[in-house]
Structure formats: C-alpha cells, structure tokens
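*Asks:* Build me a model:
(chains A and B)
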Amino acid sequence: MLETTELVKRFKGTYAVQGVSLYLDKGESVGLLGPNGAGKSTTISMISSLIKPTSGDVLLYGNSVVKNPAAIRKVLGVVPQEIALYEELTAYENLKFFGRIYKLKGKELELRIQEVLDMVGLRERQKELVRTYSGGMKRRINIAAALLHEPEIVIMDEPTVGIDPQSRNHILDTVRLLNREKGTTVLYTSHYMEEVEQLCSRMYIMDHGKVIASGSKQELKRILTGEDILHLQLDGPGAGMAGELRMLDAVLQVEETENGLKLIVAKQSRILSQVVQIAERHQVEILRVHVHTPSLEDVFLHLTGRTLRD
Amino acid sequence: MFVWKDLLLFWRDRKGLVLLLLMPFLMILILGFAMKGLMEGSPEALRMKAALVVEDDEASGIERFRTELRRRSLPEAAESALAASAEQASPYTLLKRMMENEEVGKFVEFVPMDAETAHTALESGEVKAVLTVPPEFTYKALVGMLLGEDGGAALRLTAGESPVHVDVLQGMLNGFVRSLNFRTALGEYGRPDAEPALAAGGVESMTDAKPMNSFLYFTLAMSVMFVLFVAGTTAAKAFAELRGRVFDRVLLADRHPLRFLGGKAGAAFCVAWLQLTLLFVLSHLAFGLFPGRPFSFWLGLSAINAVLSIGVGGFAALLTALNFRFRSSTASSMFSSIAVTVMALAGGSFTPASLLPDWVMQIGVWTPNGLAISLYTLWIQGFAAVDMAPSLLKLAAFAVLTLTAGIYLFPARRRVA
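*Replies:* Model prediction:
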C-alpha cells in the first residue's frame, strides 16, 4: 500500500535521513522506533508530503507521492508530535474547522465530529476551551482532528509523550480500535518500546537517520538469541567495576542501571565467578543476580549502544 | 472558514482586544483633554513672550536707499516713486505693524530688549524666542523689494525649547515674508494702505465646516495608528500556527496555502474595519464629534474605513508571508514595535502634520495612516470626491501593492514545512 524507497533528506549538509526504505501493507500496524533525533519525524514528514526528499521516493499504491502529493493527502491522517490545535477554541470549534478544511460540511461534519469525540472519549467536554484541558486530553483531541476525514492510513508521531496513564491507555485503545476494528493502516512512532510491542505487528528501528533493524517482535528478538541478559543488584555504585567487566571476552555490553549493572553476555558463558571476583576487587557486594531473555529494549541497546530514551 | 476561525481567535484573545480597542480609546480621551487648548488654537494656550532686538536703523536705511537711487541715475519720475515707496512701505514699518496687529498680539507679546538682555531672558525661559532685526535690514530689504536685487536681508529667530510656540512664531514670520514678497511681486508697494495679509497661526478652515477639535483629531490619529497593529497581530498569530504545526494540518488537508494567506488578509480586514468603526462611533458618542451629520456622512466614513482596512489586510498578508519565508516572527515584531511608530510619527498621529518638518511631511503623505488622516479630514470638512481621489487612489494602490507582495513572497506549499 505505502512504500518508501531509499529516502534521503539533507538539511544544509547534514543528513537527517539516509536511505530509509520501509513499507506498510493495508490494515497493518507498524511501529517506527528510535531515540530523539533518529530521523523518525523527518521520515514521517516526507511520507506525508510535507517536505520533499533530497532523493528517493514515497509510493502509494505504486504511484509517486513526491510527484503527486494530493493523492496521499486524501487518504492520510497525521497526528503530529506537537499539539497542533487552537488553544483558544473549544474542542468542537477545532474539530469543526479541521473538518471543514477537509471539505466536510453539514450533517456529515457534525456526525464525524461526534464520532471522533466518542472515539477519544471527550464528547462530554467538547464545548470547553482546549487550553483548559490536561495534556492528555489535548493529545486525544490532537488525534481526533486527524481522524475526521476517515483516513485509510494514520501516522502517529509520539502521540503519548508526557501524558497521564489514563489518557495514555485511552490513546492506545483508540489505536487498537482504529487498526483492528476499522482496518486503518497505522504507522506508530514512539520511543516507548512497550507501546510498540503492544500495538504493532512489525517494526522498524531507526538510529542516526537509518533503519538499523526491522521485522516482527519475534524476528527482532532473535537478533539476541545468542545472548543472555544479566542484572546485577549491587550495594554500591558499579561504575568502577564496569570498565573491568567490559574487558571480559564473553561480555558484549555493560550498562549502569538504577541499582547496579546490566550485562549482555554470550549465551551460556560461565562468567559469574569472574564477575564475583571483579566485584570483590572493587569492594562491591552483589546482592542479587537475575538472568533473563532479551526484550526489544535490549535489542535496541544491542544495536545502538544506547537506550531509546537517551 | 479561515476568516471565521481567525475572527473567533481574535474575539477570544481578550488582551489583544484591549490593545486594539480600549487602548486607542483611552489615548483619544487622554490626549484629547491634554491637547485641547493647543489643538483648538486657543491663544491663551499658545501665548508667548518674545524678545525683539532691533539692531537696524530704519531712517538711515531709507536714507541710504535714496542715496543708492541717486547714484543709479534713474529717470526722475522713477526715482521719486521708488523713494516714496521706500518711505511708505519700509519693511521694518510693516514688521512693526504685524507685531502690533491685534490677532498677532493674542499669541505673541514682543518685548524690546538689547541683544544681551534678550539672550539672558531666553536662557532663563522668560521669553520663548528672540527675534533680531539685524543691522542694515531696512536698506537690504528695500534693495531686494524695490530694485529686485538680492539685498541679503533676513530676520533672525533664536528659539528656546518650546517647539510648538516657536512653530507658531515661525509660521507668523513666514507668513509675513510671503506677504511681503507677494505684495512686491504684484507691485502693490504703490498702495501703502494695502496691509499684507498676516498668517496669525491657529487652524485654517477651508470650508464651512468647523476646524478640528482635539478629540476629533486624536480620534483620527489614534484610530489610524492602532489599526496598523491589527496587521502585526494577525501575522504574529499566523506564525504561531506555523510553529505549532497547525499550518501543516492545512497543507495535509490539501488546501492551497494562499487560502490560508487570504484568510489572514480577510480577517485583518474585518477586524480593522470593526475597530475603526467602533472607535468612531464610541468617540462620537463620548465627545459629540459629528453632531447632526446625515446617514450618507457615516456611509462615506465607513467606506474610507473599508479602504484603509484593505490596506491593513494587505499589510497582514505581507507580514505573514515574511514571517513564513524567514520562519521567524521578526517581521511582525519589528513592524509592531518600530514601523508603526515611525509611520505614526510621519503620518501625523502624534502631532498634526502641519507642525512637522517638510521632509517628514513628505514621507507622511505616503504612509497608509497619513493618507487615511488626509482622507478623513477631507470627508469631514465636506470636500468633494474629486478632491479625495488622489489620496484614495494612493491608499488603494498601497493595499494592492502589499497584497501582491504578500502573495508573491508567501512560500509555495512544498517549501514551507
């Protein structure tokens, strides 16, 4: 349905996106993961025809969006990361304006406004000024405004940033509803791994403007099948011993955590005794050791050397 | 739909509304009362004392002029006619008559002093200006007036720090000099009974309408100044839409960006027209500006409001385009903080244009607010449409120019995001 081929965007000599190729099948829910500055928003802007790629193309049903942006605009709804609303208007007035710019009018417009308000759970508060809303409520209206024209494809750029758990759950439910019940194709961008794990069947991981991995949750986790994750709970700071641990052949990565260290180590490597010795040398007591199978977060750490929230 | 949304946003922006409506009305109220005396030409408000320093000797000047006539061996009849004219229309005598004129006396009291005392008095503020009649003034002025040669005669005016008073005095002296030249040019020096027409300062009235009072003047001046802020405010709001990515939604809905720009110009037009109309109606109700004027008068006023508002719409479009092109609100901020002040100054919103230096006036007649003041004044004083046409055309041209520039500079849809 939608495909990008080798998308590149260069701003004044700096590459924001370097050769991104991805695709979305009809009715799919796909995640686009990456830390801040990975190039996710620029990719979305190119897909939605807001900025022109330096090179590469976006194809909708095989037709170039770069050459004919009107084609994608009819079927696309974009939820921007910013609250792109008029704060001095009520939710209803906002939706009425955005509906009218999509050429909806009369009863049809009224019906759609009430439908999307129901979808985001704000029907009762539609007559209140947006500026009086909580952050979560604003984000929900931000989503509603992108759904008025019943788009076939919805792109959501970090729709849950900085909101309360109740609004977050509501947004996740809305995305599920859109995708599973209404068959809307969703491209969901986030740096919350658990959201993408819950909502998306496939995902792309971006870093430094490139797609560094892609596939289903299981496919991505298989990247780390040769590794184990060791959580060490320590009675003191682990920074001192981290350097020495990195010197060990079996240790692939070391990350400091809130109460100790997290190690990615080669599967079935017998390094525990060495770890204990290093801890003793640094006069740090190991309170607990926990071994677990890798999560997507670990995959990301493995691929990029940093966490999603860095 | 764009205009509707922008008007709603203006309506909800209570702080902005206060700036656009209440502020100008307060300014009209304050300045109207403060400048009442000056604006209505009250002699008491403008009354001043000026020192008169006479270094010229009129009698010996006339005698020297006679000697000059004899030296030139003119025909006897001409010589005696010129000598008689010199006696009867001596420039200094005419100047004295001007100073003794009852009308002039209402504004300026000339106190004879010697040069040193006069300057001490000026420094202490006892007098507002010193008028010096320099040595050989009579002789040189007669040579200039009667023999048509450049005698180099000039009166000297030394002013203190009261520009309004000094302007009035200078206006009188300029009037005197113009009358003298006019009289000489017409050869009227043979009619000593013909007094030069003295410009006594105050307000000139060219029709049957009453001269402007301070409230009327400041209603015009403040309205045309504050209406310009509508353009800056509109463009600033538009930039907030760009920054907040609301404009992206417009593009994503596949609406042409010029519809957005048109909405800005349209909303600015509506707000400007409403602002002007409300200010005129409020001021009329508060200060009785246009008693007994017929409906057609209000219609005309409203039409001028509309033309000026189109200009404001054009400005809003241009500033919006600049904000979008440079992705910064500098253009609208600079406009509201600097350009409006400069235009208000040059266009006569702070001081009546007639009191401004010539070069400032020349700039002022090209500003939208200056043009609008001139149009309102002509309409209020009952001038015919033909007299208003030049200013009206200039204002309309200005609106078309800014609107066209705005459309030209507004970034094309694929370049904006």
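*Asks:* roughly how far apart are the residue with the shortest distance to the centre of chain A and residue A:25?
*Replies:* Note on chain A: the residue nearest the mean C-alpha position is residue A:190, at 1.7 Å, using Cα atoms, centre = their mean. Counting by Cβ to Cβ, to the nearest Å, the gap between residue A:190 and residue A:25 amounts to 20 Å. Heads up, the C-betas are built off the backbone N, CA and C, glycines and all.
*Asks:* before we move on, back to that, which residues touch the residue nearest to the centre of chain A?
*Replies:* If a contact means Cβ atoms under 8 Å, 6 or more residues apart in numbering or on different chains, then residue A:190 has A:31-33, A:158-160, A:196 as its contacts.
*Asks:* Please repeat the previous calculation with a cut-off of 10 Å.
*Replies:* Residue A:190 makes contacts with A:31-34, A:40, A:156-161, A:196, A:199-200, A:203, A:308, as judged by Cβ atoms under 10 Å, 6 or more residues apart in numbering or on different chains.
*Asks:* Check these one by one and keep those near chain B.
*Replies:* Contacts with chain B are made by residue A:157 out of those, judged by Cβ under 10 Å from any Cβ of the partner chain.
*Asks:* Need the buried ones from the contacts of residue A:190 selected in PyMOL.
*Replies:* Typed into PyMOL, the next command selects the buried ones out of these (criterion: 16 or more other Cβ atoms under 10 Å in any protein chain shown):
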select buried, chain A and resi 31+32+33+34+40+156+157+158+159+160+196+199+200+203+308
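*Asks:* In the contacts of residue A:190, find the pair that's most separated.
*Replies:* Set against one another by Cβ to Cβ, those have their most distant pair in A:161 and A:203, with a gap of 18.1 Å.
*Asks:* The residue lying closest to residue A:129 once chain neighbours are set aside and residue B:383, how far apart?
*Replies:* The spatially closest residue to residue A:129, leaving aside those adjacent along the chain, is residue A:90, at 5.6 Å (Cβ to Cβ, 6 or more residues apart in numbering or on different chains). Here residue A:90 is placed at a distance of 49 Å from residue B:383 (Cβ to Cβ).
*Asks:* Between these two, which has more neighbouring residues?
*Replies:* More neighbours surround residue A:90 than the other of residue A:90 and residue B:383, with 21 against 15 (other Cβ atoms under 10 Å in any protein chain shown).
*Asks:* Would you confirm that that one contacts residue A:96?
*Replies:* Yes. The pair residue A:90 and residue A:96 qualifies as a contact (Cβ atoms under 10 Å) at a distance of 9.1 Å.
*Asks:* Give me the common contacts of these two.
*Replies:* residue A:126.
*Asks:* quick one: contacts for residue 283?
*Replies:* All of this refers to chain A. If you count contacts by Cβ under 10 Å, 6+ apart, residue A:283 has them with A:235-236, A:240-241.
*Asks:* nope, chain B please
*Replies:* With contacts taken as Cβ under 10 Å, 6+ apart, residue B:283 has the following neighbours: B:24-25, B:28-29, B:32, B:215-216, B:218-220, B:222-223, B:289-290.
*Asks:* same question, residue B:218
*Replies:* B:24, B:27-35, B:39, B:212, B:225, B:283, B:287, B:349-350.
*Asks:* can I see the domain layout of chain B?
*Replies:* Under automatic domain parsing, the residue ranges defining each domain of chain B are B:2-38+B:208-416, B:41-190.
*Asks:* I'd like the ones you listed as JSON lines, with mean pLDDT and distance to residue A:144 appended.
*Replies:* Listed next are the domains of chain B as JSON lines, based on pLDDT from 0 to 100; distance: least, Cβ to Cβ, whole Å:
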{"stretch": "domain B:2-38+B:208-416", "mean pLDDT": "84", "distance to residue A:144": "12"}
{"stretch": "domain B:41-190", "mean pLDDT": "77", "distance to residue A:144": "62"}
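*Asks:* What's the local residue count around the residue of the stretch 201-310 of chain A found nearest chain B?
*Replies:* Taking Cβ to the nearest Cβ, chain B has its nearest neighbour within the stretch 201-310 of chain A at residue A:209, 18.1 Å off. Residues within reach of residue A:209, counting by other Cβ under 10 Å, total 23.
*Asks:* Pop out the phi and psi values for it.
*Replies:* Reported as degrees, to the nearest 10, the phi and psi values for residue A:209 are phi 80, psi 0.
*Asks:* Next one: it, what pLDDT does it get?
*Replies:* Residue A:209 is assigned a pLDDT of 89 by the prediction.
*Asks:* That one and residue A:41 touch, don't they?
*Replies:* No. In this structure, residue A:209 sits apart from residue A:41 without contact. The criterion is Cβ under 10 Å, and the distance is 11.4 Å.
*Asks:* Let's have the domains of chain B in TSV, adding distance to residue A:133.
*Replies:* Formatted as TSV, the entries for the domains of chain B read as follows, by distance: least, Cβ to Cβ, whole Å:
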stretch	distance to residue A:133
domain B:2-38+B:208-416	15
domain B:41-190	55
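*Asks:* Give me whichever of those domains is most buried.
*Replies:* Here the criterion is mean neighbour count by mean count of other Cβ atoms under 10 Å in any protein chain shown, and of these the winner is domain B:2-38+B:208-416, at a mean of 19.
*Asks:* Any idea how far it is from the middle of the chain?
*Replies:* In this view, domain B:2-38+B:208-416 has its centroid 18 Å away from the chain centroid, taken as Cα atoms, centre = their mean, to the nearest Å.
*Asks:* mind saving the C-alpha coords of stretch B:246-259 as PDB?
*Replies:* Output of stretch B:246-259 as PDB, limited to C-alpha atoms (Å, rounded to 0.1, in the frame of the first residue of the first chain):
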ATOM      1  CA  VAL B 246      -1.400  23.800  12.800                       C
ATOM      2  CA  PHE B 247      -0.400  25.100   9.400                       C
ATOM      3  CA  ASP B 248       0.800  21.600   8.500                       C
ATOM      4  CA  ARG B 249      -2.800  20.400   9.000                       C
ATOM      5  CA  VAL B 250      -3.900  22.900   6.400                       C
ATOM      6  CA  LEU B 251      -1.400  21.600   3.900                       C
ATOM      7  CA  LEU B 252      -2.200  18.000   4.800                       C
ATOM      8  CA  ALA B 253      -5.900  18.700   4.000                       C
ATOM      9  CA  ASP B 254      -4.600  19.700   0.600                       C
ATOM     10  CA  ARG B 255      -5.800  23.300   0.900                       C
ATOM     11  CA  HIS B 256      -3.800  25.800  -1.100                       C
ATOM     12  CA  PRO B 257      -1.600  27.900   1.200                       C
ATOM     13  CA  LEU B 258      -2.900  31.000  -0.500                       C
ATOM     14  CA  ARG B 259      -6.300  30.300   1.000                       C
END
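*Asks:* wait, does that stretch contact chain A?
*Replies:* Yes. With Cβ under 10 Å from any Cβ as the threshold, stretch B:246-259 lies in contact with chain A, specifically through B:246-255, B:259.
*Asks:* could you point out which element follows the longest strand anywhere in chain B?
*Replies:* Looking only at chain B and at elements set by DSSP state E, the strand with the highest residue count is strand B:48-54. In the C-terminal direction, the helix or strand that comes right after strand B:48-54 (DSSP states H and E) is helix B:58-71.
*Asks:* Contacts for that following helix next, please.
*Replies:* The list of residues contacting helix B:58-71 from outside it, by Cβ under 10 Å, 6+ apart, reads B:57, B:78-83, B:85-87, B:90-93, B:95-96, B:133, B:135-143, B:145-147, B:151, B:153.
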